[in-house]
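Asks: kindly return the folded structure for what I paste below:
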Amino acid sequence: MEINKNLPRDTFLYFTAIITLVVVAVGFGMAVFNYIDFYFPDPATDYYRSASSYEGAIRQAMAMLIVVFPVFLWVSRFLRQDVDTHPDKRELKIRKWLLYLTLFAAALVIIGDLVTVVNNFLRGELTARFALKALTIFFISGSAFYYYLAQLREKTVKWLDLFSWIIVAVVILAVLWGFAVIGSPFQQRDKRFDERRVQDLSMVQNYITNYWQNKEKLPANLDNLEDPLLGIVIPTDPEIGEPYEYRVVDSLTFELCATFTTPGEGPVRSRVSVESGDGPSAVPQIYPPRSQDYNWQHGVGRICFIRTIDPDYFEILKPRPAN
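Replies: As a prediction, this is how the structure comes out:
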């Protein structure tokens, strides 16, 4: 009677175990795959990728593991302890059906990951990356299938608890590894501030260029760029609220400065440069840049960017004829 009374609760818990297992498998695979891509960059496919481009996927995977894995762990241990307390539940058909359904859901996720890995390999991905990702999939599949197939046996496997703790340690290691790659939340906040500074400097650079095209001279200071009619407001440092530094070097060259708290990477090659006047193009991030003047790469501290307008590219705008 007690077993039948708890059947709805157990069904809910088994479905919870299915969902959380799938999320944990996806999150763990996503995290490890990005770690592999990060440490083994492929010039054929990652030529224009920067280190920061992996951060979003790694953060998402870490969040999935931090939130969902404890739920999965608690539900799994509760169900195992409940079966140990009520051995008659081992023979319930609904329990076996739900365990097989859990394995089926895990198999679908694993097959999908394996198809993606093989497709990338056939596309020419590095053999080392393919091998490591394949090993990751085999680890996920082997762990899930061993754990649940062991529960389908009539007798409890004695060292299943040790196996469970090994899985817990591996998942914790995957999360800690993520912090080592992307940094702490405080470091991430500093990066967001620095990314905002780069965006602001790029915006101010465009304002200065437009000012020169219209007036054939550089502004004496950044206040000259503000125009309520056009809605131009010069941004300030997002963290301290101070204005950015601006200095005129000569009739075509100016300097923009800001104070950064983290080393950063430039998103695009600048069109306002001394040596080139061609359009923007991505800088290969897995190789050192040729010159800092081509991008917004920066170190820590006060960094200045010197920009020179190319008159052959940025033509003076002709005034409209009077009516």
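Asks: care to break the chain down by domain?
Replies: Here the domain parsing of the chain from automatic domain parsing is 2-183, 187-308.
Asks: and the ones you listed, which one's lowest on average pLDDT?
Replies: If these are sorted by mean pLDDT, domain 187-308 sits at the bottom with a mean of 76.
Asks: distance between the ends of that one?
Replies: End-to-end span of domain 187-308 (C-alpha to C-alpha, to the nearest Å): 33 Å.
Asks: just confirm R247 is within a strand.
Replies: Yes. Applying DSSP: H, G, I helix; E, B strand; the rest coil, one finds R247 inside a strand.
Asks: residue boundaries of the strands in the chain?
Replies: 245-248, 253-260, 301-308 (DSSP state E).
Asks: adding mean neighbour count, write those out as CSV.
Replies: Using the backbone N, CA and C atoms, a C-beta is placed for each residue, glycine as well. What follows is these, written out as CSV (neighbours: other C-beta atoms under 10 Å):
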stretch, mean neighbour count
strand 245-248, 15
strand 253-260, 18
strand 301-308, 16
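Asks: ok, back up a step: distance to F314 for the domains of the chain - can I get that in CSV?
Replies: Shown next, in CSV, are these (distance: least, C-beta to C-beta, whole Å):
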stretch, distance to F314
domain 2-183, 26
domain 187-308, 6
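Asks: quick one on the thing from earlier: out of the strands of the chain, nearest to A150?
Replies: Among these, the nearest to A150 by C-beta to C-beta is strand 253-260 (52.7 Å).
Asks: I'd like to check the angle between the closest one and strand 301-308, please.
Replies: Interaxial angle, strand 253-260 versus strand 301-308 (axes from the mean of the first three to the mean of the last three C-alpha atoms, to 10 degrees): 160 degrees.
Asks: alpha carbons of strand 253-260, in PDB - could you do that?
Replies: Provided in PDB are the C-alpha atoms of strand 253-260 (Å, rounded to 0.1, in the frame of the first residue of the first chain):
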ATOM      1  CA  THR A 253      46.300  62.700 -36.300                       C
ATOM      2  CA  PHE A 254      44.600  62.500 -32.900                       C
ATOM      3  CA  GLU A 255      44.900  60.400 -29.800                       C
ATOM      4  CA  LEU A 256      42.300  58.800 -27.700                       C
ATOM      5  CA  CYS A 257      43.100  57.400 -24.200                       C
ATOM      6  CA  ALA A 258      41.300  55.400 -21.500                       C
ATOM      7  CA  THR A 259      42.300  53.400 -18.400                       C
ATOM      8  CA  PHE A 260      41.600  49.700 -18.700                       C
END
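Asks: nearest spatial neighbour of G183, skipping sequence neighbours?
Replies: Excluding the flanking residues, the one nearest G183 by C-beta to C-beta, 6 or more residues apart in numbering is K191, at 7.4 Å.
Asks: kindly report the same for S202.
Replies: Closest to S202 by C-beta to C-beta, 6+ apart is W296, at 6.9 Å.
Asks: name the single longest helix found in the protein.
Replies: Assignment by DSSP state H gives helix 7-39 as the longest helix of the chain.
Asks: count the residues that sit near W296.
Replies: Number of residues near W296 (other C-beta atoms under 10 Å) recorded here: 25.
Asks: tell me if I'm right that it and L201 touch.
Replies: Yes. The pair W296 and L201 passes the contact test of C-beta atoms under 8 Å, sitting 6.9 Å apart.
Asks: what is in contact with the two at once?
Replies: The contact sets of W296 and L201 overlap at F305 (C-beta atoms under 8 Å, 6 or more residues apart in numbering).
Asks: follow-up on the earlier one: of the strands of the chain, which approaches Q81 most closely?
Replies: Nearest to Q81 among these is strand 253-260 (52.4 Å), distances taken as C-beta to C-beta.
Asks: show residues contacting the closest one.
Replies: Residues contacting strand 253-260 (C-beta under 8 Å, 6+ apart): 194, 197, 200-201, 204-205, 208, 218, 237, 244-249, 274, 298-309.
Asks: strand partners of that strand, parallel vs antiparallel please.
Replies: Sheet pairing for strand 253-260, assigned by DSSP bridges, gives strand 245-248 (antiparallel), strand 301-308 (antiparallel).
Asks: ok, the residue nearest to G183 - contacts?
Replies: Taking C-beta under 8 Å, 6+ apart as the test, what K191 contacts is 52, 183, 262, 264.
Asks: before we move on, what about W177?
Replies: 31, 35.
Asks: can you count the residues close to V75?
Replies: 20.
Asks: can you tell me how far I58 is from Q297?
Replies: Here the distance between I58 and Q297 works out to 22 Å (C-beta to C-beta, to the nearest Å).
Asks: once you drop chain neighbours, what's closest to A174?
Replies: Nearest non-adjacent residue to A174 (C-beta to C-beta, 6+ apart): A31, at 5.1 Å.
Asks: ok so, going back, most neighbours among the contacts of K191, please name it.
Replies: G264 (21 neighbours).
Asks: show me what that one bridges to in the sheet.
Replies: With DSSP bridges as the rule, G264 is bridged to H298.
Asks: before we move on, back to that, turn the strands of the chain into CSV, columns for distance to V75.
Replies: Listed next are these as CSV, based on distance: least, C-beta to C-beta, whole Å:
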stretch, distance to V75
strand 245-248, 56
strand 253-260, 45
strand 301-308, 49
